[in-house]
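Visitor: this one's sequence-less:
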Ligand SMILES: C[S@@+](CC[C@H](N)C(=O)[O-])C[C@H]1O[C@@H](n2cnc3c(N)ncnc32)[C@H](O)[C@@H]1O
């Protein structure tokens with residue numbers, strides 16, 4: 001049985017597994033000190049991101065400032081393993097992958113929708129980030145419990161009423177110092193009060209709210225056990 005079947009996805013979509021090249025093959029460059037080859041690769045990704053903004057609208061993507069925040073946060077927490085819930089066409093994933101490429105890390109991203117998963121696969125190839133991204137085409141509510149941590153960076157951007165479920169599943173997989181970022185904590189706050197209340201109250205988390213763009217992010221850093 002393929003992983004496709006185990007995630008309950010029909011035959012049309014298929015399981016898009018990208019980035020099977022080991023992340024160990026990648027050298028980690030300090031941010032701001034990338035050799036030319038990496039700068040050229042980043043330019044290729046940034047061009048594709050621009051192209052996506054012009055040609056693939058209405059797919060609920062973060063905005064460019066928010067994307068840059070995700071990239072910088074991956075670098076800041078030195079994430080080797082990043083996880084994204086809710087890929088859409090891969091816009092935020094590509095930003096996250098830009099960070100992971102700097103840390104020598106890898107991004108796993110999960111998308112349930114056939115068409116958007118297919119677009120994401122095309123975009124990862126065109127952006128040249130497919131070697132640092134694994135796209136799992138499936139229902140994150142079923143996939144996440146099958147994953148093994150640690151994930152030093154988690155980005156939650158799926159249906160808002162599910163955020164608390166993802167947090168509860170993922171919190172044990174995030175090591176101290178790791179970051180859990182959630183999108184739309186400003187513009188869709190009313191749909192996720194349960195999640196917001198939890199990240200503000202949980203003693204394992206130190207949470208701030210980041211105004212990087214219209215959606216708004218929560219940024220919760222996992223605290224060392226007391
Ligand atoms: C807001 S969009 C993601 C946008 C993307 N992060 C970006 O900024 O480019 C939310 C995505 O989550 C996906 N989604 C919602 N529930 C899901 C689930 N249970 N499993 C996987 N994907 C899910 C939707 O299909 C949709 O494509």
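Guide: Alright, I've got the coordinates. A quick note: this is a predicted structure, and the numbers were derived from the prediction, not measured.
Visitor: rest of the way, CA atoms for contacts and neighbours
Guide: Noted.
Visitor: Residue numbers of the protein in contact with the ligand?
Guide: Residues of the chain found near the ligand (C-alpha under 6 Å from any ligand atom) are 60-62, 86-92, 110-113, 138-141, 157-159.
Visitor: Can you flag the buried ones in the residues you listed?
Guide: 61-62, 86-92, 110-113, 138-141, 157-158 (16 or more other C-alpha atoms under 10 Å).
Visitor: from those, which ones fall inside helices?
Guide: Among those, the residues falling in helices (DSSP state H) are 91-92, 140-141.
Visitor: Tell me the one of those residues nearest residue 75?
Guide: Closest approach to residue 75 among these (C-alpha to C-alpha): residue 92, at 14.8 Å.
Visitor: So the nearest residue to that closest one once chain neighbours are set aside: helix, strand or coil?
Guide: With C-alpha to C-alpha, 6 or more residues apart in numbering as the criterion, residue 92 has its nearest non-adjacent residue at 5.7 Å, and that residue is residue 67. Secondary structure assignment for residue 67 (DSSP: H, G, I helix; E, B strand; the rest coil): helix.
Visitor: Correct me if wrong: residue 67 contacts residue 96.
Guide: Yes. Residue 67 lies in contact with residue 96 (C-alpha atoms under 8 Å); the separation is 7.4 Å.
Visitor: What values do phi and psi take at residue 208?
Guide: Residue 208 adopts backbone torsions of phi -130, psi 160, taken as degrees, to the nearest 10.
Visitor: Between residue 67 and residue 96, tell me which one has more neighbours.
Guide: More crowded of residue 67 and residue 96, by other C-alpha atoms under 10 Å: residue 96, with 30 against 22.
Visitor: right, and the more buried one touches residue 74 too?
Guide: Yes. With contacts counted by C-alpha under 8 Å, residue 96 reaches residue 74, the gap being 6.8 Å.
Visitor: which residues are common contacts for these two?
Guide: By the contact definition C-alpha atoms under 8 Å, 6 or more residues apart in numbering, residue 96 and residue 74 are jointly contacted by residue 82.
Visitor: For the protein, just list every one of the strands.
Guide: 81-85, 106-111, 133-137, 153-156, 179-183, 205-210, 217-222 (DSSP state E).
Visitor: what stretches of this structure score poorly on pLDDT?
Guide: Applying pLDDT under 70 to the chain picks out residues 1-37.
Visitor: Taking the centroid of it, which residue is nearest it?
Guide: Centroid-nearest residue in the chain, with C-alpha atoms, centre = their mean: residue 84, separated by 2.8 Å.
Visitor: Give the other helices and strands that the longest helix along the chain contacts.
Guide: What stands out as the longest helix in the chain, according to DSSP H, is helix 36-55. Applying 3 or more C-alpha pairs under 8 Å, 6 or more residues apart in numbering; DSSP states H and E, one finds that helix 36-55 contacts helix 91-103, helix 114-127.
Visitor: just so I know, which of those helices lies nearest residue 185?
Guide: The closest of the helices and strands packed on helix 36-55 to residue 185 is helix 91-103. By C-alpha to C-alpha, the value is 16.1 Å.
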